[in-house]
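Participant: Provided below are the primary sequence and the corresponding predicted coordinates.
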Amino acid sequence: LGGPAMQEIQLDACRRVLQISLEEAFEEVNQGLTTATDALLSGCTCCSALVLPPPPSGGPRTVILANLGDSRAVFGVSADATLDKRDGSTPKMVPGDATTDHKPGNPGERQRIAQC
């Protein structure tokens, strides 16, 4: 393998390393807070986004999202045919959820809380 195919493999590996690094960083901060504070009387939230450039062969960008606590990431998608508004008008955007809320009403979150 060489050229663009090798670059794609390397980019995929980089994405995975970044994802693992974010997960580990969140866990490390969580462990530090658990030992340094009364976790029952405190809390924190975080929402982060890492936007990577498009792959060398073209295509969409990769966005790696991480959220915890009472935080949410949303994205906007153009409802117009084009984002290029040379006439000065603002493109219409439609919101969408990019992350899942960490709320007890969510069955997966309720199960995670019960296991703590």
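Facilitator: Alright, I've got the coordinates.

Participant: okay, buried residues for the lengthiest helix in the chain please.
Facilitator: Across the chain, the longest stretch assigned as helix under DSSP state H is helix 4-36. Neighbour-count burial for helix 4-36, counted by 16 or more other CB atoms under 10 Å, picks out residue 11. The C-beta positions use only the backbone N, C-alpha and C, and glycine is treated the same way.

Participant: skip ahead from that helix and say which helix or strand is next.
Facilitator: strand 46-52 (DSSP states H and E).

Participant: what comes into contact with that next one?
Facilitator: For strand 46-52, contacts defined as CB atoms under 8 Å, 6 or more residues apart in numbering pick out 11, 14-15, 18, 22, 26, 61-69, 71-73, 99.

Participant: 10 Å - rerun?
Facilitator: With contact meaning CB atoms under 10 Å, 6 or more residues apart in numbering, strand 46-52 is reached by 11, 14-15, 18-19, 21-22, 25-26, 29, 61-75, 98-99.

Participant: just stretch 106-116 next, same as before
Facilitator: Stretch 106-116 is contacted from outside by 39, 100-104, using CB under 10 Å, 6+ apart.

Participant: state the pair within the residues you listed that is farthest apart.
Facilitator: With CB to CB as the measure, no two of the contacts of stretch 106-116 lie farther apart than 39 and 100, at 21.9 Å.

Participant: residues contacting the most centrally placed residue in the chain?
Facilitator: The centre of the chain sits closest to residue 65, judged by CA atoms, centre = their mean, with a distance of 0.7 Å. Contact analysis of residue 65 by CB under 10 Å, 6+ apart lists 19, 22, 47-51, 73, 75, 98-99.

Participant: would you reformat these as TSV and include distance to residue 33?
Facilitator: TSV is the format used below for those (distance: CB to CB, whole Å):
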residue	distance to residue 33
19	22
22	17
47	17
48	16
49	22
50	22
51	27
73	21
75	29
98	25
99	20
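
Participant: PyMOL command for the buried members of these?
Facilitator: Applying 16+ other CB under 10 Å to these, the buried members can be selected in PyMOL as follows:
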select buried, resi 47+99
